[in-house]
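1. here is my input, please return the structure:
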Amino acid sequence: MLGRVTPLKRLFGLFRFLPRRKSNAAREPGQATHVIILDGTMSSLAQGYETNAGLTYKLLREAGQKSNLTVYYEAGIQWRGWRDTLAVVSGHGIDDQIARAYGVLASRYRPGDLIVLMGYSRGAYAVRSLSGMIGRVGLLRRQQATTRAVRQAFRHYQRQSAPEVLARFRARFCYDATPVAAVGVWDTVRALGLPVIWRFIENNQDFHDHHLGDHVGRGFHALALDERRRAYVPVLWNTDADDAAWVDQVWFRGTHADVGGHLDGKSQVRPLSNIPLVWMLDRLSQAGMALPDGWRDRFPTDPDAPSVGQWHGWARLFLWRVPRRRLTDPSERMHETVRQSA
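-> Got it, this is the predicted structure:
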């Protein structure tokens, strides 16, 4: 016998639900914390192959059993065969990913709950865009979170509707205000694709709002000091001196994969990748996130551990390389382990 088709299942069906999404939606009465985690391209939850975003999901899923915490995780675009190659190298699919996460959040959120958005790589860009959508359009009230309303909300975001149009939509369908407690991301990049392919793919992502709005309480960004690939230029938050108390953008030793923990099973690199992982979890803990007792002991760190390197896997396809610009924003700083390993 088939299970009941819930509104959330219909929402997933609309956007071609795939097994790469994981969720624990149980909640107790009272204030809840809702965490959305969007991972990078070709990420995995397989044991030993998790990115830092995946490890965070597993840790929070465990914590959610003892605290009023729900977690939604979605892996990035997967390569299952040559027919997926264009999607992987072009970074196709970010719009659907944002809309799905928005619908999940709207179906769970109640006024007074806390929202935390996390991501790695293009997933980081996606959750930052999700935060921008919430700030610009608003979050649908739970009883209004239908497939049609989610489509309409995303359309307003995509088309950058006029303020008066957004005001009417918000008044009819959305909460008056929806604060986001924190946005925590590892090495945000906009497009993971081959430059030769970019020329043949229409760039329709200019509407994405990845800035840190006034509705966000804290912003945490871990950045890769040693990454050189031009296609992986990081998208930083632009701040001023007054934002330093609530925005923290920190450079760590390592490449994009090192900082995001996308190590392809190279366990010898894990102690290096654990440094930005522990840093992020520590910041979230200080912001009020409930974590299991002894969580630090699970992630040993070593600033002198080896790097995954610049030429592993698909990285060999990216020949255009330039040093990253850094320490140009008041919110940027070097992590203390960079000096230790220098």
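
2. need the three-state assignment for residue 182.
-> With DSSP: H, G, I helix; E, B strand; the rest coil as the basis, residue 182 sits in strand.

3. which ones are touching the nearest residue to it once chain neighbours are set aside?
-> Nearest residue to residue 182, sequence neighbours excluded (Cβ to Cβ, 6 or more residues apart in numbering): residue 218, at 4.3 Å. Every residue, glycine included, has its C-beta placed from N, CA and C. Contacts were defined as Cβ atoms under 8 Å, 6 or more residues apart in numbering; by that measure residue 218 touches 181-183, 246-248, 283, 287.

4. surely residue 218 is within a strand?
-> Yes - assessed with three-state DSSP, residue 218 lies in a strand.

5. what pLDDT does it get?
-> Looking at residue 218, its pLDDT is 97.

6. list the contacts of residue 180.
-> The contact partners of residue 180, taken as Cβ under 8 Å, 6+ apart, are 115-117, 131, 134-135, 215-217.

7. so which of those belong to strands?
-> 115-117, 216-217 (DSSP state E).

8. and which of these is nearest residue 55?
-> The nearest member of those to residue 55, counting by Cβ to Cβ, is residue 116 at 15.6 Å.

9. ok, the closest one touching residue 185?
-> No - Residue 116 lies out of contact with residue 185 (Cβ atoms under 8 Å); the separation is 11.3 Å.

10. out of the two, which sits in the busier spot?
-> The neighbour comparison of residue 116 against residue 185 (other Cβ atoms under 10 Å) goes to residue 185, with 31 against 24.

11. where does that one fall, secondary structure wise?
-> strand 180-186 (DSSP states H and E).

12. that strand pairs with which strands, and in what direction?
-> strand 114-120 (parallel), strand 216-224 (parallel) (DSSP bridges).

13. could you list the low-pLDDT ranges of the stretch 101-250 of the chain?
-> In the predicted model, the stretch 101-250 of the chain carries pLDDT under 70 at residues 191-207.

14. before we move on, the earlier item: please pick the buried ones from the ones in strands among the contacts of residue 180.
-> 115-117, 216-217 (16 or more other Cβ atoms under 10 Å).
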